[in-house]
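>>> Test case, fold it:
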Amino acid sequence: VETKKDRRGNVVSSIIKQGELKVGDVVFSENQQAKIRSLFNDLSEPIKSVVPSSPFELLGFNELPTVGSIITTSATANQQLSDEKVSQKKTLGLEELLEVNEDKKLKIILKADSKGSLEAINDSLIKKTNIEIIMQGIGKVHKSDVFLASTSNSIILAFNVDIESEAQEVAKNEKVIIKSFNIIYELLDELEEVSNLLIQKDMIEKDLKGESVILASFMIHDQLVYGIKVSKGKINLGDNVQIIRNNNLIGKSKLTSLQIRSKTVKEVKKGQEAGIMIAPNIDIKVGDVLKYSL
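The predicted structure is shown next:
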């Protein structure tokens, strides 16, 4: 969906993926319901119906739907789409973006006021291999920039340029981070800080030797035991343990007991399940990730 207002009123532009729309049909988009008053083709000619792969304009909504939303003729399907959007879409912080990007790089889309500003920013990033510019350009931040950021898991840096209101709306719906700067050294300082954090994170990752997922917890002889499955590398008795929940570190501990089928072992490898105990004990939940280091 794209939207605009003109002399005809609220106009919704879209392309049909499947099915057919006709004048008089009732349609739904997020929390709105509308009856189609008029349909127009891509030449702005009035039509009575529209079929798949055909671009069209629709009149009938009392309020403009959200840009990027989906139109359907089924109230049930519309509710499912809304529920999925709420459950799946959230703003990714820098840590989460790095988890999503397998190469552990921070990807940015850069918009600036001049070629000179772009060159200055690029020069500062030449040696920073952990920051990647996906796209750069001169001028305002447009909604197309936001859609690119959403699909590439990037953030947008805007230097001395405006952000179109439509782009702000799309960024809100797509949960894309846009950071604006008016002083170039503040932008460069922030990139320097991010680069240093990435270096620290990379050093920590190199020290890690294994990961596991918590499958269950239970009490044995008044002691709390966790059932785990090793998902990466290997783990050893005595390892230091980081407890991660939703990509956030919630505590650190030490692996004090490691058993397979009630038999104490010194090592468990990827794909194996085991029972563990840690000290000090931390409130661990099923689904938490444990990261192990020497």
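>>> The helix or strand where residue 228 lies pairs with which strands?
Per DSSP states H and E: residue 228 is located in strand 223-236. In the sheet, strand 223-236 lines up against strand 208-220 (antiparallel), strand 267-269 (antiparallel), strand 273-279 (antiparallel) (DSSP bridges).
>>> Tell me the spacing between the spatially most distant residue from the centre of the chain and residue 158.
Note on the chain: the largest C-alpha distance from the chain mean falls to residue 221, namely 43.1 Å (CA atoms, centre = their mean). From residue 221 across to residue 158, the span is 60 Å (CB to CB, to the nearest Å). Every C-beta, even on glycine, is put in place using the N, C-alpha and C of the backbone.
>>> Show me where the stretch 101-250 of the chain has its strands.
106-112, 131-138, 155-159, 178-181, 208-220, 223-236, 240-245, 248-260 (DSSP state E, counting those that start in this stretch).
>>> Tell me how far stretch 19-33 lies from the chain's centre.
Offset of stretch 19-33 from its chain centre (CA atoms, centre = their mean, to the nearest Å): 29 Å.
>>> closest to residue 18 out of the strands paired with strand 223-236?
strand 208-220 (38.0 Å; CB to CB).
>>> relative to strand 240-245, how tilted is the closest one?
80 degrees (axes from the mean of the first three to the mean of the last three CA atoms, to 10 degrees).
>>> so for strand 208-220, what's the average pLDDT?
On average, the pLDDT along strand 208-220 is 89.
>>> what's the offset of that strand from the middle of its chain?
The answer for strand 208-220 is 26 Å, by CA atoms, centre = their mean.
>>> how big is the angle separating it from strand 248-260?
Going by the same axes, to 10 degrees, strand 208-220 makes 70 degrees with strand 248-260.
>>> Which residues in stretch 243-250 does the neighbour count mark as buried?
Going by neighbour count (16 or more other CB atoms under 10 Å), the buried part of stretch 243-250 is residue 243.
>>> So for that stretch, first residue to last residue, what's the gap.
Stretch 243-250 stretches 6 Å from its first residue to its last (CA to CA, to the nearest Å).
>>> If you average pLDDT per helix and strand, which one of this protein comes out bottom?
In the chain, the helix or strand scored least confidently by mean pLDDT, DSSP states H and E is helix 94-100, which has a mean of 48.
>>> any low-confidence regions in the chain?
76-104, 200-206 (pLDDT under 70).
>>> ok now the lengthiest helix in it, how far from the chain's centre?
Determined from DSSP state H, the single longest helix within the chain is helix 184-207. From the chain centre to the centre of helix 184-207 is a distance of 20 Å (CA atoms, centre = their mean).
>>> Give the other helices and strands that it contacts.
helix 94-100, helix 115-125, strand 131-138, strand 155-159, strand 178-181 (3 or more CB pairs under 8 Å, 6 or more residues apart in numbering; DSSP states H and E).
>>> which stretch among the strands of the stretch 101-250 of the chain comes nearest residue 168?
Taking the strands of the stretch 101-250 of the chain one by one with CB to CB, strand 178-181 is closest: 7.6 Å.
>>> ok, residue 131 - contacts?
Contacts here follow CB atoms under 8 Å, 6 or more residues apart in numbering; on that basis residue 131 touches 105, 106, 108, 125, 191, 194, 195, 198.
>>> ok, those residues vs residue 66, which is closest?
Proximity of the contacts of residue 131 to residue 66 was ranked by CB to CB; the top entry is residue 108 with 25.3 Å.
>>> So which of the strands of the stretch 101-250 of the chain is nearest residue 51?
Residue 51 lies closest, by CB to CB, to one member of those: strand 131-138, at 34.3 Å.
>>> Direction included, what does the closest one pair against?
When DSSP bridges is applied, strand 131-138 pairs with strand 106-112 (parallel).
>>> residues in contact with the partner strand?
94, 97-98, 101, 118, 121, 130-141, 145, 148-149, 152-161, 194, 198.
>>> quick check: angle from that strand to helix 184-207?
170 degrees.
>>> how far does strand 106-112 sit from the chain's center?
Worked out by CA atoms, centre = their mean, strand 106-112 lies 16 Å from the chain centre.
>>> Ok, stretch 183-201 next?
On CA atoms, centre = their mean, the centre of stretch 183-201 falls 21 Å from the chain's centre.
>>> Contacts made by that stretch with the rest, please.
With contact meaning CB under 8 Å, 6+ apart, stretch 183-201 is reached by 94, 98, 104-106, 117, 120-121, 124-125, 128, 130-131, 157, 159, 179, 181.
>>> related to what we said a few turns ago, can you say which of the strands paired with strand 223-236 is nearest to residue 241?
strand 273-279 (5.8 Å).
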